[in-house]
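Visitor: here is a sequence together with a model predicted from it:
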2 protein chains.
Amino acid sequence: MELKEMGALAKQASYSLANISAKTKNDALEAIAAALCERADEIICANRIDVDAATENGMSKAMTDRLLLTKERIDDIANGVRKVKDLDDPIGETIRMEKRPNGLEIGQKRVPIGVIAIIYESRPNVTADAAALCLKTSNAVILRGGSEAVNSNKAIVKIMQDAAYGAGIPEGSINLVEDTSRETAAELMRLREYVDVLIPRGGKGLIKAVVENADIPVIETGSGNCHIYIDEKYDKAMALDILINAKTSRPSVCNAAETLLVARSSAAEFIPAAFDALKEKGVEIRGCEECMKIYPGIKAADEEDYYTEYNDYIISVKVVDGIDAAIAHINKYNTKHSEAIVTTDYFNAQKFLNEVDAAAVYVNASTRFTDGFEFGFGAEIGISTQKIHARGPMGLRELTSTKYVIYGNGQIR
Amino acid sequence: MELKEMGALAKQASYSLANISAKTKNDALEAIAAALCERADEIICANRIDVDAATENGMSKAMTDRLLLTKERIDDIANGVRKVKDLDDPIGETIRMEKRPNGLEIGQKRVPIGVIAIIYESRPNVTADAAALCLKTSNAVILRGGSEAVNSNKAIVKIMQDAAYGAGIPEGSINLVEDTSRETAAELMRLREYVDVLIPRGGKGLIKAVVENADIPVIETGSGNCHIYIDEKYDKAMALDILINAKTSRPSVCNAAETLLVARSSAAEFIPAAFDALKEKGVEIRGCEECMKIYPGIKAADEEDYYTEYNDYIISVKVVDGIDAAIAHINKYNTKHSEAIVTTDYFNAQKFLNEVDAAAVYVNASTRFTDGFEFGFGAEIGISTQKIHARGPMGLRELTSTKYVIYGNGQIR
């Protein structure tokens, strides 16, 4: 199908979807979950083609494993869809309603955004997750996954379409762009007539391409150059726990720490213990000159390191004068994602919370908590690192817009 | 000053601004209002240069009058600044705060967006309005007005800077791009490193240029192709009042009506009375074939007319089958701004509210009410016609972002 045609159908479907009942949507989500389990063989078959191609193309084992779908993993995907089903439907809520002096009753209602396009590079489970979240919020979705997962994505989407459309969801609500060429991606980024918002999920390169080429509104997600700052007064055991957790519990994700900042007065005490613990976990350390004096034998960090989201067992470290220097460093190098201070000082805690420019700012906790589930939203479509519309983990509410509805009885101005 | 340098200074200022007290901001706004009145002669002097140039360049009388600043108009501008001062400060409000099962206290706080760039073509009062709204919400602002008002804008901004910086607002908080070339505008649209959001205010051409060229988040404003739909059952006197008000009370603004849709069963009764009333107000009527049969002598409307925001004493008219055809027409041709139905039918009223895709949808009231002051926000930076971040009139709250602040005591994941 031509992309424009797909867009037009999605737009048309979005108008019907906007007024469909929560019950119909939930029935469809249940039907989707059941169908994914029942037709798991179809998905596994299609997935094998992707995995074989990946192996032939020399994809790394870790990456190939991310691509692989098994019966168990498909069950997990289905359960994810059921979890979305069980959340409250945000659509139709009246956020506020006021009677104006002239008698007009002006209400602000929560409505779907319309058509959401998602360009992603991730594992095929994103296909089902994203489609379920969009359906739950009455948005039509246009999915454009990576070429490495195209057969798996086609199988998953076909099953979701069959189940959803069979349960009363309008055709055109769930769409997959099967042509994974760059040209089609570029066309999707400019499908202004039909797409209301574009959410890229993936690496720096993808986000950059989308931001530079899209002419439809974009919600940036994902890039996380996160810092842990150890203040002058701090609890050493807590600091070690938080540092190791933030760096090593899952280094590939966006809320993992990439840089450690240490107040100069704490450096001599904290750095040896911290570096021992990091090395024990297999983390490569790249430090400033002061670090290297305290703990010889580590690599030197350069300017580029402080800008880098390694997503790996590597950390850059810098000794700073204190809280002000730490905040200045973070606001210069960070990607506005998640930042943490470890401190026992009340005023420094407040200063850090107020002055650090990021979606999530922590006192005495790991940056790893920046996540829709951990924040209690029950689901997540991504983590916004921009400042408009949504900032931080995006749950159902962040997939909605609002509309003013005005009840009059003949008012003119 | 180089644009990049201005951006860097604005960004720096925005960090201090974020944590400045409401009192300091209000004192600065009062100082600005007082200075605008005291130094009105400077503004009038500078404005004369702009007005003389406009006259020489053959600008229309109406446009030249929009450009003209008098002592009275400057007093009005100062009073506008004082009105912004009197509004509640939205910054720092904790929107919600929750204690998670693991003991983390997660709060969502209202914070400034950071640096807001505004590209506008309007009258010089926008300069003071926009700067005051940004200051009130602790945002640094980069203003880029039109070349026709550059001298007036320079004078106004100089006075605002002197007053604000003298009252404790950090330097770099209020900025004017004095070079009004297209190249500089294009550079501003891509000043991603320093600008958090770009708000264009002006005609279709400006909005289009911004949307296509900007790589920073944009909030679209302003374009309004608004419709009045007269349903099958309706109050004729009310319908005439609303139509005439929406079309003729101020045809140049975005919430004015541009197209009249009439249900076929109401056409024979409503159209003659409506067209008589429109003609009496000097409105040119462009109608469909059915209109022309009912009321011979009017011009024919073509497809292009239905897409056009005339901003003038012109209206396009179409007879439609009924509510469904009206909604389909509106969703196809509108700019998602403001739409109204005149009806006595409960179900059609609800259907229209639910199914029309627009920022503001009215039952039995004029579209002219879509306005920050009429909605009770006390101020307005523009009317958003996009679906993310803000939709409809944007007041102070729409100039803010949020930040998650998390209080922990050693939590790791």
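Guide: Nice, I can see it.

Visitor: ok and the residue in the stretch 201-350 of chain A nearest chain B?
Guide: A:N245 (3.6 Å; C-beta to the nearest C-beta). The way it works is simple: take the backbone N, C-alpha and C, and place the C-beta from them, glycine included.

Visitor: next up, the contacts around that residue.
Guide: By C-beta atoms under 8 Å, 6 or more residues apart in numbering or on different chains, the residues touching A:N245 are A:S366, A:R368, B:I412, B:R413.

Visitor: tell me how many other residues surround the third one.
Guide: This means B:I412. 17 (other C-beta atoms under 10 Å in any protein chain shown).

Visitor: surely it meets A:D241?
Guide: Yes - between B:I412 and A:D241 there is a contact under C-beta atoms under 8 Å: 5.3 Å.

Visitor: what number of residues lie near the residue nearest to A:A40 when sequence neighbours are not counted?
Guide: Counting by C-beta to C-beta, 6 or more residues apart in numbering or on different chains, A:I74 is the residue found nearest to A:A40 once chain neighbours are left out, at 4.5 Å. Burial of A:I74 is recorded as 23 neighbouring residues (other C-beta under 10 Å).

Visitor: OK, contacts around A:I74?
Guide: A:L36, A:C37, A:A40, A:I43, A:I44.

Visitor: quick one, which of those residues are buried?
Guide: A:L36, A:C37, A:A40, A:I43, A:I44 (16 or more other C-beta atoms under 10 Å in any protein chain shown).

Visitor: let me have the residues you listed in TSV, extended by pLDDT.
Guide: Output for these, formatted as TSV (pLDDT from 0 to 100):
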residue	pLDDT
A:L36	98
A:C37	98
A:A40	98
A:I43	98
A:I44	98
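
Visitor: pull up the distance across stretch A:173-180, start to finish.
Guide: With C-alpha to C-alpha, to the nearest Å as the measure, stretch A:173-180 spans 20 Å from end to end.

Visitor: and that stretch with chain B, contact?
Guide: No - for stretch A:173-180, no contact with chain B is found by C-beta under 8 Å from any C-beta of the partner chain; the gap never falls below 16.0 Å.

Visitor: over to stretch A:212-227?
Guide: Yes - residues of stretch A:212-227 contacting chain B under C-beta under 8 Å from any C-beta: A:E212, A:D215, A:P217, A:V218, A:I219.

Visitor: tell me the helices and strands packed up against the lengthiest strand in chain A.
Guide: Determined from DSSP state E, the single longest strand within chain A is strand A:400-411. Strand A:400-411 is packed against strand A:105-112, helix B:236-248, strand B:360-365, strand B:392-394, with contacts defined by 3 or more C-beta pairs under 8 Å, 6 or more residues apart in numbering or on different chains; DSSP states H and E.

Visitor: buried deepest among the ones you listed, which one?
Guide: Among the helices and strands packed on strand A:400-411, strand B:360-365 has the highest mean neighbour count (mean count of other C-beta atoms under 10 Å in any protein chain shown), at a mean of 26.

Visitor: after that strand, next one along is what?
Guide: Sequence order places strand B:382-384 as the next helix or strand after strand B:360-365, per DSSP states H and E.

Visitor: name the helices or strands packed onto that following strand?
Guide: So strand B:382-384, by 3+ C-beta pairs under 8 Å, 6+ apart, packs with strand B:392-394.

Visitor: parallel or antiparallel, which strands does the strand it packs on pair with?
Guide: Applying DSSP bridges, strand B:392-394 is found paired with strand B:382-384 (antiparallel).

Visitor: may I see the buried residues of the partner strand?
Guide: In strand B:382-384, counting by 16+ other C-beta under 10 Å, buried: B:G382, B:I383, B:S384.

Visitor: kindly report the residues of the stretch 101-250 of chain A close to chain B.
Guide: Going by C-beta under 8 Å from any C-beta, the residues of the stretch 101-250 of chain A near chain B are A:104, A:106, A:113-114, A:192, A:196-197, A:211-212, A:215, A:217-219, A:235, A:238, A:241-242, A:245-246, A:249.
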